[in-house]
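[1] Quick one, what's the 3D model for this:
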Amino acid sequence: MSEIDHSRLLSFPGKTLVAGATSPTGKLIVDRLCQLGMSTRLFVRDENRLSDSRNIDVVEGNALDQPDCVRAASGCDAIICTIGERFIPKDHSIVDGDGIINLVDAAQTAGVSRFILVSSLGVGDTWDWLPFPVKWFFRLFGLVPILKEKERSEAHLRKTQLDWTVIYPAMLTNSKMTSEPLIVKDGRAGGISSRYAVADTVCRCLGSPNSFGSDLIVVNGYMRTLLANEVPFNMDIPWELW
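    You can find the predicted model right below:
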(Lines give C-alpha, C1' and ligand atoms only; values in the text may rest on other atoms or scores of the structure.)
Protein backbone atom coordinates (compact mmCIF):
# COMPACT_ATOMS: atom_id res chain seq x y z
CA MET A 1 0.00 0.00 0.00
CA SER A 2 1.33 3.45 -0.86
CA GLU A 3 2.09 6.01 1.83
CA ILE A 4 -1.05 7.67 3.18
CA ASP A 5 -1.52 11.35 2.39
CA HIS A 6 -2.47 12.58 5.86
CA SER A 7 -3.28 16.11 4.70
CA ARG A 8 -5.91 14.73 2.31
CA LEU A 9 -7.40 12.35 4.83
CA LEU A 10 -7.80 14.70 7.76
CA SER A 11 -7.92 18.47 7.79
CA PHE A 12 -8.62 19.17 11.45
CA PRO A 13 -5.78 21.25 12.90
CA GLY A 14 -6.85 21.33 16.56
CA LYS A 15 -6.38 19.17 19.63
CA THR A 16 -8.83 16.32 20.20
CA LEU A 17 -9.90 14.94 23.56
CA VAL A 18 -10.84 11.26 23.51
CA ALA A 19 -13.10 10.41 26.45
CA GLY A 20 -13.29 6.69 27.07
CA ALA A 21 -9.88 6.07 25.56
CA THR A 22 -9.45 2.72 27.32
CA SER A 23 -12.56 1.19 25.72
CA PRO A 24 -11.98 -1.14 22.73
CA THR A 25 -13.34 1.42 20.28
CA GLY A 26 -11.65 4.30 22.07
CA LYS A 27 -8.25 2.62 21.79
CA LEU A 28 -8.66 2.26 18.02
CA ILE A 29 -9.70 5.90 17.71
CA VAL A 30 -6.55 6.92 19.59
CA ASP A 31 -4.44 4.64 17.39
CA ARG A 32 -5.85 6.23 14.24
CA LEU A 33 -5.44 9.80 15.48
CA CYS A 34 -1.83 9.07 16.40
CA GLN A 35 -1.24 7.39 13.05
CA LEU A 36 -2.48 10.56 11.38
CA GLY A 37 -0.24 12.73 13.54
CA MET A 38 -3.17 14.47 15.24
CA SER A 39 -2.73 16.30 18.54
CA THR A 40 -4.55 14.09 21.05
CA ARG A 41 -5.43 14.08 24.74
CA LEU A 42 -6.89 11.12 26.62
CA PHE A 43 -9.49 11.42 29.38
CA VAL A 44 -9.49 8.25 31.46
CA ARG A 45 -10.78 7.21 34.87
CA ASP A 46 -7.66 5.22 35.74
CA GLU A 47 -4.37 6.09 34.09
CA ASN A 48 -2.94 2.74 35.20
CA ARG A 49 -5.22 1.02 32.69
CA LEU A 50 -3.25 2.60 29.85
CA SER A 51 -0.58 0.41 28.28
CA ASP A 52 0.60 3.04 25.84
CA SER A 53 4.26 3.97 25.48
CA ARG A 54 3.51 6.87 23.13
CA ASN A 55 3.98 10.39 24.43
CA ILE A 56 0.28 11.30 24.66
CA ASP A 57 -1.29 13.92 26.91
CA VAL A 58 -3.41 12.16 29.55
CA VAL A 59 -5.92 13.62 32.02
CA GLU A 60 -7.17 11.32 34.76
CA GLY A 61 -10.66 12.01 36.05
CA ASN A 62 -14.27 10.98 36.26
CA ALA A 63 -16.88 12.00 33.69
CA LEU A 64 -19.42 12.15 36.53
CA ASP A 65 -17.38 15.00 38.05
CA GLN A 66 -18.01 18.26 36.21
CA PRO A 67 -14.71 19.96 37.20
CA ASP A 68 -12.80 16.92 35.92
CA CYS A 69 -14.57 17.23 32.57
CA VAL A 70 -13.81 20.94 32.30
CA ARG A 71 -10.16 20.30 33.18
CA ALA A 72 -9.93 17.62 30.49
CA ALA A 73 -11.66 19.72 27.82
CA SER A 74 -9.65 22.89 28.49
CA GLY A 75 -7.35 23.70 25.57
CA CYS A 76 -9.01 21.21 23.21
CA ASP A 77 -10.87 21.94 19.99
CA ALA A 78 -12.86 18.70 19.67
CA ILE A 79 -14.20 15.97 21.91
CA ILE A 80 -14.73 12.37 20.84
CA CYS A 81 -16.84 10.61 23.44
CA THR A 82 -16.94 6.81 23.66
CA ILE A 83 -17.79 6.45 27.35
CA GLY A 84 -20.51 4.04 28.40
CA GLU A 85 -21.53 1.37 30.85
CA ARG A 86 -21.74 -2.33 30.04
CA PHE A 87 -23.89 -3.00 33.10
CA ILE A 88 -26.02 -0.77 35.26
CA PRO A 89 -23.83 0.39 38.16
CA LYS A 90 -25.03 0.28 41.77
CA ASP A 91 -22.66 2.87 43.21
CA HIS A 92 -22.95 5.82 40.81
CA SER A 93 -25.03 7.40 38.08
CA ILE A 94 -24.95 5.91 34.60
CA VAL A 95 -22.23 7.71 32.68
CA ASP A 96 -24.19 7.30 29.44
CA GLY A 97 -26.48 9.97 30.86
CA ASP A 98 -24.88 12.33 33.38
CA GLY A 99 -21.32 11.62 32.25
CA ILE A 100 -21.98 12.55 28.65
CA ILE A 101 -24.04 15.57 29.71
CA ASN A 102 -21.11 16.73 31.86
CA LEU A 103 -18.76 16.44 28.89
CA VAL A 104 -21.16 18.36 26.64
CA ASP A 105 -21.43 21.13 29.23
CA ALA A 106 -17.64 21.11 29.69
CA ALA A 107 -17.19 21.52 25.94
CA GLN A 108 -19.28 24.68 26.04
CA THR A 109 -17.52 26.00 29.14
CA ALA A 110 -14.06 25.36 27.65
CA GLY A 111 -14.93 26.74 24.21
CA VAL A 112 -14.73 23.40 22.39
CA SER A 113 -16.67 23.60 19.13
CA ARG A 114 -16.73 19.99 17.87
CA PHE A 115 -18.36 17.04 19.65
CA ILE A 116 -18.56 13.50 18.25
CA LEU A 117 -20.55 11.01 20.29
CA VAL A 118 -20.38 7.25 19.76
CA SER A 119 -23.79 5.90 20.75
CA SER A 120 -25.65 2.67 19.99
CA LEU A 121 -28.48 1.42 17.85
CA GLY A 122 -31.52 1.05 20.06
CA VAL A 123 -31.35 4.64 21.28
CA GLY A 124 -34.28 6.92 20.53
CA ASP A 125 -36.13 6.37 17.27
CA THR A 126 -33.74 3.58 16.21
CA TRP A 127 -35.43 1.30 18.76
CA ASP A 128 -38.64 1.24 16.72
CA TRP A 129 -37.14 -0.59 13.74
CA LEU A 130 -34.73 -2.94 15.50
CA PRO A 131 -35.48 -6.63 14.92
CA PHE A 132 -37.24 -8.41 17.78
CA PRO A 133 -34.19 -10.59 18.69
CA VAL A 134 -32.09 -7.46 19.21
CA LYS A 135 -34.74 -5.88 21.42
CA TRP A 136 -34.97 -9.16 23.31
CA PHE A 137 -31.19 -9.09 23.88
CA PHE A 138 -31.30 -5.57 25.33
CA ARG A 139 -34.19 -6.50 27.60
CA LEU A 140 -32.71 -9.85 28.67
CA PHE A 141 -29.48 -8.25 29.86
CA GLY A 142 -31.19 -5.26 31.46
CA LEU A 143 -29.65 -2.73 29.10
CA VAL A 144 -32.76 -0.71 28.28
CA PRO A 145 -32.13 1.82 31.10
CA ILE A 146 -28.70 2.51 29.60
CA LEU A 147 -30.30 3.17 26.21
CA LYS A 148 -32.73 5.58 27.89
CA GLU A 149 -29.84 7.44 29.50
CA LYS A 150 -28.09 7.67 26.13
CA GLU A 151 -31.27 9.12 24.68
CA ARG A 152 -31.36 11.75 27.42
CA SER A 153 -27.75 12.82 26.90
CA GLU A 154 -28.13 12.89 23.12
CA ALA A 155 -31.13 15.19 23.48
CA HIS A 156 -28.99 17.47 25.65
CA LEU A 157 -26.23 17.52 23.02
CA ARG A 158 -28.64 18.36 20.20
CA LYS A 159 -29.92 21.43 22.05
CA THR A 160 -26.46 23.02 22.07
CA GLN A 161 -24.73 25.15 19.46
CA LEU A 162 -21.86 22.66 19.21
CA ASP A 163 -20.94 21.12 15.85
CA TRP A 164 -22.11 17.68 16.89
CA THR A 165 -22.29 14.28 15.23
CA VAL A 166 -23.80 11.13 16.74
CA ILE A 167 -22.41 7.81 15.51
CA TYR A 168 -24.56 4.68 15.73
CA PRO A 169 -22.68 1.39 15.37
CA ALA A 170 -24.63 -1.85 14.99
CA MET A 171 -23.40 -5.11 16.57
CA LEU A 172 -19.72 -4.51 17.24
CA THR A 173 -16.90 -6.87 16.28
CA ASN A 174 -13.11 -6.65 16.37
CA SER A 175 -12.61 -7.63 12.74
CA LYS A 176 -10.38 -5.49 10.52
CA MET A 177 -11.83 -3.41 7.71
CA THR A 178 -11.54 -4.92 4.25
CA SER A 179 -13.62 -2.34 2.40
CA GLU A 180 -15.07 1.12 2.89
CA PRO A 181 -17.67 1.16 5.68
CA LEU A 182 -21.25 1.90 4.73
CA ILE A 183 -22.38 5.12 6.40
CA VAL A 184 -26.07 5.98 6.33
CA LYS A 185 -27.56 9.28 7.47
CA ASP A 186 -30.97 9.01 9.13
CA GLY A 187 -31.46 5.53 7.67
CA ARG A 188 -32.13 2.03 8.97
CA ALA A 189 -28.84 0.25 8.41
CA GLY A 190 -28.56 -2.48 11.02
CA GLY A 191 -26.12 -5.37 10.91
CA ILE A 192 -22.45 -5.70 11.81
CA SER A 193 -20.03 -2.89 12.63
CA SER A 194 -16.32 -3.46 13.01
CA ARG A 195 -14.79 -1.27 15.69
CA TYR A 196 -12.19 -0.33 13.07
CA ALA A 197 -14.99 0.95 10.83
CA VAL A 198 -16.41 2.97 13.69
CA ALA A 199 -13.01 4.43 14.59
CA ASP A 200 -12.38 5.27 10.93
CA THR A 201 -15.71 7.04 10.60
CA VAL A 202 -15.25 8.99 13.83
CA CYS A 203 -11.81 10.25 12.81
CA ARG A 204 -12.94 11.26 9.34
CA CYS A 205 -15.84 13.17 10.90
CA LEU A 206 -13.32 15.54 12.48
CA GLY A 207 -12.41 16.95 9.07
CA SER A 208 -15.82 16.56 7.42
CA PRO A 209 -18.07 19.60 7.99
CA ASN A 210 -20.86 17.85 6.09
CA SER A 211 -21.20 15.52 9.09
CA PHE A 212 -22.10 18.37 11.45
CA GLY A 213 -25.55 18.02 12.99
CA SER A 214 -25.93 14.47 11.68
CA ASP A 215 -26.93 11.07 12.99
CA LEU A 216 -24.77 8.51 11.16
CA ILE A 217 -25.19 4.73 11.24
CA VAL A 218 -22.00 2.79 10.48
CA VAL A 219 -21.89 -0.82 9.30
CA ASN A 220 -19.29 -2.93 7.51
CA GLY A 221 -18.91 -2.48 3.78
CA TYR A 222 -20.06 -6.00 2.92
CA MET A 223 -23.52 -5.10 4.31
CA ARG A 224 -24.15 -2.99 1.19
CA THR A 225 -25.70 -5.93 -0.63
CA LEU A 226 -28.27 -6.44 2.12
CA LEU A 227 -28.88 -2.71 2.49
CA ALA A 228 -29.08 -1.79 -1.18
CA ASN A 229 -32.06 0.50 -0.58
CA GLU A 230 -30.13 2.72 1.83
CA VAL A 231 -28.46 5.84 0.44
CA PRO A 232 -24.74 5.98 1.38
CA PHE A 233 -23.50 9.12 3.07
CA ASN A 234 -20.16 10.29 1.69
CA MET A 235 -18.09 12.39 4.05
CA ASP A 236 -15.86 15.24 2.92
CA ILE A 237 -12.80 13.22 3.95
CA PRO A 238 -12.35 10.18 1.69
CA TRP A 239 -11.81 6.69 3.02
CA GLU A 240 -8.46 4.92 2.98
CA LEU A 241 -7.70 1.38 4.14
CA TRP A 242 -5.55 1.28 7.28
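[2] Return the list of helices and strands in contact with the lengthiest helix in the chain.
    Counting residues, the longest helix found in the chain (DSSP state H) is helix 144-158. Judged by 3 or more C-beta pairs under 8 Å, 6 or more residues apart in numbering; DSSP states H and E, the packing partners of helix 144-158 are helix 100-110, strand 114-118, strand 163-169. For the C-beta atoms, the positions are set from N, CA and C on the backbone; glycine is no exception.
[3] what's the most buried one of the ones you listed?
    strand 114-118 (a mean of 24; mean count of other C-beta atoms under 10 Å).
[4] and stretch 100-119, how far apart are its ends?
    10 Å (C-alpha to C-alpha, to the nearest Å).
[5] pLDDT (mean, whole number) over that stretch?
    Averaged across stretch 100-119, the pLDDT comes to 98.
[6] Quick one: mean pLDDT for the longest helix of the chain?
    Mean pLDDT, computed over helix 144-158, is 97.
[7] For it, which outside residues touch it?
    With contact meaning C-beta atoms under 8 Å, 6 or more residues apart in numbering, helix 144-158 is reached by 84-85, 88, 94, 96-101, 104, 115, 117, 119-120, 122-124, 127, 138, 164, 166.
[8] let's see 10 Å
    The contact list for helix 144-158 (C-beta atoms under 10 Å, 6 or more residues apart in numbering) reads 81, 83-89, 93-105, 107, 115, 117, 119-127, 135, 138, 164-166, 213, 215.
[9] circling back to that earlier point, distance to residue 45 added to the helices and strands packed on helix 144-158, as TSV?
    Putting the helices and strands packed on helix 144-158 into TSV (distance: least, C-beta to C-beta, whole Å) gives the following:
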stretch	distance to residue 45
helix 100-110	13
strand 114-118	17
strand 163-169	22
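[10] In contact with the residue nearest to the spatial centre of the chain, which residues?
    Most central in the chain under C-alpha atoms, centre = their mean is residue 118, positioned 2.6 Å from the mean C-alpha point. Residue 118 sits next to 19-20, 23, 25-26, 29, 80-84, 165-169, 195, 198-199, 201-202, 218 when contact means C-beta under 10 Å, 6+ apart.
[11] Kindly report the same for residue 176.
    By C-beta under 10 Å, 6+ apart, the contact list for residue 176 reads 194-197, 241-242.
[12] And for residue 177?
    Taking C-beta under 10 Å, 6+ apart as the criterion, residue 177 is in contact with 194-200, 220-221, 239, 241-242.
[13] try residue 23
    Residue 23 touches 29, 44, 82-84, 86, 118, 195, counting by C-beta under 10 Å, 6+ apart.
[14] Pull out the buried members of these.
    For the contacts of residue 23, a burial check counting by 16 or more other C-beta atoms under 10 Å picks out 29, 44, 82-84, 118, 195.
[15] Please list the members of the contacts of residue 118 that lie in strands.
    Counting by DSSP state E, these place 19, 80-81, 165-169, 218 in strands.
[16] I'd like those residues as TSV, with pLDDT and distance to residue 228 appended.
    Below are the ones in strands among the contacts of residue 118 laid out as TSV (pLDDT from 0 to 100; distance: C-beta to C-beta, whole Å):
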residue	pLDDT	distance to residue 228
19	97	36
80	98	31
81	98	32
165	98	25
166	98	24
167	98	22
168	97	19
169	96	20
218	97	17
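[17] surely residue 173 meets residue 195?
    Yes: using C-beta atoms under 10 Å, residue 173 is in contact with residue 195, at 7.1 Å.
[18] how about the closest residue to residue 177 other than its chain neighbours, what does it touch?
    Sequence neighbours aside, residue 196 is the residue nearest to residue 177 in space, at 4.7 Å (criterion: C-beta to C-beta, 6 or more residues apart in numbering). Shown in contact with residue 196 (C-beta under 10 Å, 6+ apart): 25, 28, 31-32, 173-178, 181, 220, 241-242.
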